[in-house]
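**Student:** A predicted structure for the sequence below; I have some questions about it.
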Amino acid sequence: MPAPRTPRRRIDIDAGRAAVHAWRGSAREPDLHAPEAATARDAAPAIDRATLATAVRFTLEELASRAPGNSLEVRVPPFGATQCIEGPVHRRGTPPAVVEMTSEVWLALATGRLAWADAVAVGDVDASGERSDLSALLPLIAE
């Protein structure tokens, strides 16, 4: 089996890092499930949809570059999806392993504000398939 190729980046690295930084400033509460989280998020400056989309897409690209392959699809609707992790090649239909979550959960995982096991335990991550555990790859961007 040939080695998986690293996907080409579409998001400029500096623009992606800036978008993640802006998201961090808008989501100050590290525990998304604490009752005071809503108050902290209400007090934080709002992030615009384009910046949020850029942060999500950049971190998905980062995941794919660190774990190239096609055996797992990570979905963060409505902003993006990527295929990653070596294994059986997926060409059509639903891949053998799928992970799906909201943009807030994905960015919290990608930046280390939320642990994979905690997100799965409370049902914030819908993961199926044998290669769907991303805990060894997260966080992607340390705080």
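**Tutor:** That came through fine.

**Student:** contacts for stretch 131-143?
**Tutor:** By Cβ atoms under 8 Å, 6 or more residues apart in numbering, the surrounding residues in contact with stretch 131-143 are 17, 20, 24, 59, 62-63, 66-67, 71-72, 74, 85, 87, 96-99, 109-113, 115-117, 127. Every residue, glycine included, has its C-beta placed from N, CA and C.

**Student:** any quick PyMOL command for the buried ones out of these?
**Tutor:** PyMOL command restricting the contacts of stretch 131-143 to the buried ones, with burial defined by 16 or more other Cβ atoms under 10 Å:
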select buried, resi 20+24+59+62+63+67+71+72+74+85+87+96+97+98+99+109+110+111+113+116+127
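
**Student:** give me the number of residues near the residue nearest to residue 116 when sequence neighbours are not counted?
**Tutor:** Spatially, and ignoring its direct neighbours in sequence, residue 116 is nearest to residue 135 (3.9 Å; Cβ to Cβ, 6 or more residues apart in numbering). By other Cβ atoms under 10 Å, the residues close to residue 135 number 11.

**Student:** also the one 4 residues further on?
**Tutor:** Taking other Cβ under 10 Å as the neighbour definition, residue 139 ends up with a count of 16.
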